[in-house]
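Asker: A predicted structure for the sequence below; I have some questions about it.
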Amino acid sequence: MKFSSLDLAPELQRALDACGYSQMTPIQEQAIIPARRGKDVLANAQTGTGKTAAFTVPVLQQMHDRPVTTQPGQVRTLILAPTRELAEQLTTTIKGYAQFLPFTVKGIYGGVSTDSQKGRLKAGVDILVATPGRLLEHVVQCNISLSKVEFVVLDEADRMLDMGFINDVYKLIQQTASKHQTLMFSATVTPTVNELARKLMSRHETIRVAKQNSTADTVDHVVYPVEERRKADLFLELIKAQNWYQVLVFTSTKAQADELVVDLKMDKITYVVCHGDKTQGSRKRALADFKAGKVQVMIATEVAARGLDIKGLEYVVNYNLPFLAEDYVHRIGRTGRAGAKGHAISFVSREEERALDDIERLIGSRIKRINMPGFEVGNRENLLKQITQKSQKPRANKPSQTKIIRDRVTTSKTTGKAKQKIKQKK
C-alpha cells in the first residue's frame with residue numbers, strides 16, 4: 001500500500017516524497033488509518049519498522065485538518081520518549097515530515113541547560129518531543145502548559161516503564177486536556193504495558209505486526225560461552241579474526257564499559273563511549289564519529305539501547321547480557337534494520353546462563369552456541385551432575401551426626417556408672 005493512496009495533505013505528501021517514502025511498512029498500513037480517525041492505539045512493533053511515521057503522519061494530518069493557532073506557553077502535540085538519544089532522533093525525523101507544514105517542532109531533554117529551553121517553550125510549540133523528567137521540570141517551573149494538548153504519543157512505552165518514568169508520565173498526562181487522543185508504541189508488550197494502556201486510553205485498538213516480543217528475521221543470533229574474566233580477550237580475538245569494522249558493544253554497567261576501554265587502548269583500537277556519565281554534547285559527538293566511520297567501536301550502556309539509528313550497522317555485541325530480557329530485543333534492534341542483514345553476538349558467562357534462558361523464553365527460540373577454541377568454559381550440566389554425585393556418595397570414614405550424638409550419650413552413661421562404682425568402693 002502506498003502513501004499516495006491515503007489522500008494526505010499535499011504538503012505532507014510532498015514531505016514524505018522528499019524523505020523517500022513511497023510504500024508503507026506493515027505497522028504504517030495498520031496504524032495510520034485508525035489513528036487518523038482519532039482512535040486511541042496501542043501498537044506493538046519492533047524498532048526499525050517505520051513506527052515514527054506510523055504515529056506522526058496521522059497526527060500531522062489531523063493538525064492540518066483542524067488548524068489552531070498555538071498560544072504562547074502551550075502545546076498541541078506531546079510526544080514522550082525515554083532517552084535523550086531517542087528524543088533527539090524523533091525531533092529530527094518529525095521535522096522532516098513537517099518541513100512543508102506551518103508547525104513548529106521542538107525537543108527538550110536532559111543534558112542541556114533548562115534556561116536555553118525555557119524561551120522556546122514560552123513561545124509555544126506545535127509538536128513537543130520530550131523526556132518525562134525534563135518536561136516535568138519545565139511544567140513545575142510554569143515554563144509550559146499542557147492544558148491544550150490534543151495528541152499524546154508514548155514512544156517506547158515499555159522502556160519508560162523499565163526506567164521508572166511511570167509516575168512522571170502519569171503526572172504529565174494529568175496536566176493535559178481531558179479529551180485527547182493517545183497513541184502508545186512499544187517494541188515489547190508485557191502485562192505492565194497493557195495495564196498502562198488501560199489506564200491511559202479509552203476503548204483503544206491494539207495492533208501487532210510481528211510475533212509478540214520477537215526479534216527481526218534479518219538478525220542472526222549467536223552466543224559465545226566464556227568466562228567473565230576472558231571476555232575482553234575474546235572480543236579482541238573476534239574483532240581481528242572476523243574483521244569487524246563498525247561494532248556497537250553493550251555493557252551492563254559504566255564500570256564494565258570503562259574496563260573494556262583499557263583493553264581497546266592497549267590494542268590501539270579506536271573507540272567512543274556513550275553512557276550516563278557523559279554529557280549530552282559528548283554523547284552526540286561520540287555517535288556522530290561512530291556513524292561517520294571515524295572509530296571502529298562504540299561502547300554503550302542501556303542508555304543507548306533505544307533511539308540509535310545507525311545506517312548499515314552490521315554488528316551488535318552484548319559484552320554483558322542485559323538485566324531485563326526485554327532489553328535484549330531493544331539492544332539488537334540497532335542492527336538488521338529496514339531489511340538489512342545484522343549480527344547479534346552475546347558473550348555469556350556461567351553466571352549469566354539464567355538470563356540467557358529468560359531471553360530465549362521471551363523470543364521463543366534457542367540461540368546458537370559457538371565454543372571458541374581457547375575460551376572454553378566447563379559444561380554446566382556436567383558440573384551439576386558432579387556436585388550431585390559427590391553429595392550422594394557415602395562417606396565411610398566420617399560418622400553421621402546421629403551416630404556422633406548416640407556415641408556421646410553412651411559415653412556419658414558409661415562414665416556416670418564408673419563414677420558411681422568408685423564412690424561405693426570408697
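Answerer: Received the coordinates, thanks. Numbers count the residues shown, from 1 in each chain.
Asker: CA atoms for contacts and neighbours, from now on please.
Answerer: Fine.
Asker: Next, the distance between the ends of stretch 129-143.
Answerer: End-to-end distance for stretch 129-143, by C-alpha to C-alpha, to the nearest Å: 15 Å.
Asker: List the buried residues of that stretch.
Answerer: Buried residues in stretch 129-143, counted by 16 or more other C-alpha atoms under 10 Å: 129-136, 138, 143.
Asker: could you dump these to JSON lines with pLDDT, secondary structure and distance to S346?
Answerer: Shown next, in JSON lines, are those (pLDDT from 0 to 100; DSSP: H, G, I helix; E, B strand; the rest coil; distance: C-alpha to C-alpha, whole Å):
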{"residue": "V129", "pLDDT": "96", "secondary structure": "strand", "distance to S346": "33"}
{"residue": "A130", "pLDDT": "94", "secondary structure": "strand", "distance to S346": "32"}
{"residue": "T131", "pLDDT": "93", "secondary structure": "coil", "distance to S346": "30"}
{"residue": "P132", "pLDDT": "93", "secondary structure": "helix", "distance to S346": "31"}
{"residue": "G133", "pLDDT": "92", "secondary structure": "helix", "distance to S346": "32"}
{"residue": "R134", "pLDDT": "92", "secondary structure": "helix", "distance to S346": "34"}
{"residue": "L135", "pLDDT": "94", "secondary structure": "helix", "distance to S346": "36"}
{"residue": "L136", "pLDDT": "94", "secondary structure": "helix", "distance to S346": "37"}
{"residue": "H138", "pLDDT": "94", "secondary structure": "helix", "distance to S346": "40"}
{"residue": "N143", "pLDDT": "92", "secondary structure": "coil", "distance to S346": "45"}
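Asker: Quick check: which element contains E195?
Answerer: Secondary structure from DSSP states H and E places E195 in helix 191-200.
Asker: by contact count, what packs against that helix?
Answerer: Identification of packing neighbours for helix 191-200 by 3 or more C-alpha pairs under 8 Å, 6 or more residues apart in numbering; DSSP states H and E yields helix 157-162.
Asker: Check which element follows the helix it packs on along the chain.
Answerer: Per DSSP H and E, helix 157-162 leads on to helix 166-174 as the next helix or strand towards the C-terminus.
Asker: List the contacts of that following helix.
Answerer: Defining contact as C-alpha atoms under 8 Å, 6 or more residues apart in numbering, one finds that helix 166-174 is touched by 132-133, 136, 146, 160.
Asker: For these, work out which two are farthest apart.
Answerer: Largest separation among the contacts of helix 166-174 by C-alpha to C-alpha: L146 and M160, giving 19.6 Å.
Asker: and the two? which has more neighbours close in?
Answerer: Set L146 next to M160 and count neighbours by other C-alpha atoms under 10 Å: M160 wins out with 23 against 19.
Asker: Show the contacting residues for that one.
Answerer: M160 neighbours (C-alpha under 8 Å, 6+ apart): 81-82, 166.
Asker: which one of these has the most neighbours?
Answerer: Each of the contacts of M160 was scored for neighbours by other C-alpha under 10 Å, and P82 scores highest at 27 neighbours.
Asker: need the contact list for it.
Answerer: P82 makes contacts with 131-132, 155-157, 159-160, 163, 165, as judged by C-alpha under 8 Å, 6+ apart.
Asker: Okay, it and S186: tell me how far apart.
Answerer: When distance is defined by C-alpha to C-alpha, P82 is 11 Å away from S186.
Asker: and for these two, which residues touch both?
Answerer: Common neighbours of P82 and S186, using C-alpha under 8 Å, 6+ apart, are 155-157.
Asker: of those residues, buried ones?
Answerer: Using 16+ other C-alpha under 10 Å as the burial test, those include 155-157 as buried.
Asker: residue boundaries of the helices in the stretch 301-426 of the chain?
Answerer: 325-332, 353-363, 380-392, 401-425 (DSSP state H, counting those that start in this stretch).
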